[in-house]
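Asker: Below are the sequence and a predicted model for it; my questions follow.
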Amino acid sequence: QKEVEQDPGPLSVPEGAIVSLNCTYSNSAFQYFMWYRQYSRKGPELLMYTYSSGNKEDGRFTAQVDKSSKYISLFIRDSQPSDSATYLCAMSEGYSSASKIIFGSGTRLSIRP
Amino acid sequence: NAGVTQTPKFRALKTGQSMTLLCAQDMNHEYMYWYRQDPGMGLRLIHYSVGEGTTAKGEVPDGYNVSRLKKQNFLLGLESAAPSQTSVYFCASSYPAGASTDTQYFGPGTRLTVL
């Protein structure tokens, strides 16, 4: 079993819809949870990170962590065609990124105009 | 600032050939990383460095070597390429942020095909 599981998609939704992206994990020691966005043929870029459980909001994006269920989510409100990308969840035990970060395999998202 | 750059962008090798991938960053970051990205596997850490002159093994280090002779550069070497090393390779760098997780900045990637 992989430490981090992520549905690969692809996920296709109409413009303006609410998008929900999810990951599950097995390591209860994970404390830092991140979402990266990767456009086609580009490197990943950090979108949001959260520490421990709870919600964090940044504009149209909300990251949610439920440590009791070992489940994290990224919600995108009012989705735009420019949100079309692959979204990677990632998590680590320690606060320094020199400690191992485990990435999900990514969910490919397409927003239809 | 160019951020993180990688050379070359594309490369094709024959089995058994060797090559070196170069990563450079101009952000004065202490930490640097090499990942490979394969379909369905996500990003996997090959090697990383927490400072000039230091390197450490990641999750999938076999068949690769690295060197960090200068703070701004991190080299990834394949001594004898194998088809299983066909992948997209990403370099990243970060500055230790102390009490919060530090952001890794990724380069644009190198697409390597081993025939």
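Answerer: Structure received. Keep in mind the model is a prediction, meaning the values are calculated, not measured.

Asker: If you count neighbours, what's buried in stretch A:52-71?
Answerer: Residues A:Phe61, A:Thr62, A:Ala63, A:Gln64, A:Val65, A:Lys70 are the ones in stretch A:52-71 that count as buried (16 or more other CB atoms under 10 Å in any protein chain shown). For glycine as for every other residue, the C-beta is placed from the backbone atoms N, C-alpha and C.

Asker: Can you give me the distance of the nearest residue to the last one once chain neighbours are set aside to chain B?
Answerer: Nearest non-adjacent residue to A:Lys70, counting by CB to CB, 6 or more residues apart in numbering or on different chains: A:Tyr25, 5.1 Å away. From A:Tyr25 across to chain B, the span is 12 Å (CB to the nearest CB, to the nearest Å).

Asker: Please apply the same query to A:Ile111.
Answerer: Going from A:Ile111 to chain B by CB to the nearest CB gives 22 Å.

Asker: Which neighbouring elements make contact with the host helix or strand of that residue?
Answerer: For A:Ile111, the host element (DSSP states H and E) is strand A:107-112. Where contact means 3 or more CB pairs under 8 Å, 6 or more residues apart in numbering or on different chains; DSSP states H and E, strand A:107-112 is packed against strand A:11-14, strand A:19-25, strand A:85-92.

Asker: Give me the pLDDT for the residue in chain B positioned nearest to chain A.
Answerer: Nearest to chain A, among the residues of chain B, is B:Phe106, at 3.1 Å (CB to the nearest CB). pLDDT recorded at B:Phe106 is 94.

Asker: do the same with B:Thr101
Answerer: Reported pLDDT for B:Thr101: 56.

Asker: What segments of chain B are helices?
Answerer: Ranges of helices within chain B: none, based on DSSP state H.

Asker: So, low pLDDT: which residues of chain B?
Answerer: Along chain B, segments meeting pLDDT under 70 span B:96-102.
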